[in-house]
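Student: sequence and computational prediction follow.
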Amino acid sequence: MVEPVDKRSGAGRKEEPQTPDAPKPEAAASQPQAAPGPEAAAGARPEREAFERGPLPPPDFIELIQMLFLQAMVSLGEGRGPEGPPEVDFDLARHYIGMLELLETKTKGHLTEVESKYLEGCLHQSRLAFVAKMKTARA
């Protein structure tokens, strides 16, 4: 029968081989250790400093537009990730541009001037970027 392991307390865990720089088990047991935060679960680098996030702002229409616009641009290969620029995916870019068009259609006449101009600008930029990428892909 397999012994259950309490992952919260570390009971039943096999001891890792110690490196010369690592503290000895007796010293480590006497020091309190903080529980790993969400950045540890996401695979954050150990050398990265942890930070506390403040309260999130209330949901905003401009933020929704930004989210869809940025996804369209990333789908077009814009931006830079850890492995370099993202791969171009025209179908996905077309989808996000379509989502922006849907927002424009469904909210026509119900937006502030700032929201309307921002949405119009994001649509214009994403459409231009799409056409430019299509031209370079065909060349």
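Tutor: Received the coordinates, thanks.
Student: and Gln55, that one's in a helix?
Tutor: Careful, residue 55 is Pro and not Gln. No - using DSSP: H, G, I helix; E, B strand; the rest coil, the assignment for Pro55 is coil, not a helix.
Student: so which elements touch the helix ranked longest in the chain?
Tutor: In the chain, taking DSSP state H as the definition, the longest helix is helix 113-138. Packing partners of helix 113-138 (3 or more CB pairs under 8 Å, 6 or more residues apart in numbering; DSSP states H and E): helix 61-75, helix 90-107. C-betas here are computed from N, CA, C, even on glycine.
Student: I'd like the ones you listed as JSON lines, with distance to Ser116 and mean pLDDT appended.
Tutor: Shown next, in JSON lines, are the helices and strands packed on helix 113-138 (distance: least, CB to CB, whole Å; pLDDT from 0 to 100):
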{"stretch": "helix 61-75", "distance to Ser116": "10", "mean pLDDT": "96"}
{"stretch": "helix 90-107", "distance to Ser116": "8", "mean pLDDT": "98"}
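Student: and of these, who's closest to Glu115?
Tutor: Minimum separation from Glu115 across the helices and strands packed on helix 113-138 (CB to CB) falls at helix 61-75, 5.3 Å.
Student: which parts of that closest one are buried?
Tutor: Within helix 61-75, the residues that qualify as buried are Phe61, Ile65, Leu68, Phe69, Gln71, Ala72, Met73, Val74, Ser75, counting by 16 or more other CB atoms under 10 Å.
Student: show me what it is packed against.
Tutor: Short answer (3+ CB pairs under 8 Å, 6+ apart): helix 61-75 packs on helix 90-107, helix 113-138.
Student: turn those helices into CSV, including distance to Arg53.
Tutor: Shown next, in CSV, are the helices and strands packed on helix 61-75 (distance: least, CB to CB, whole Å):
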stretch, distance to Arg53
helix 90-107, 26
helix 113-138, 25
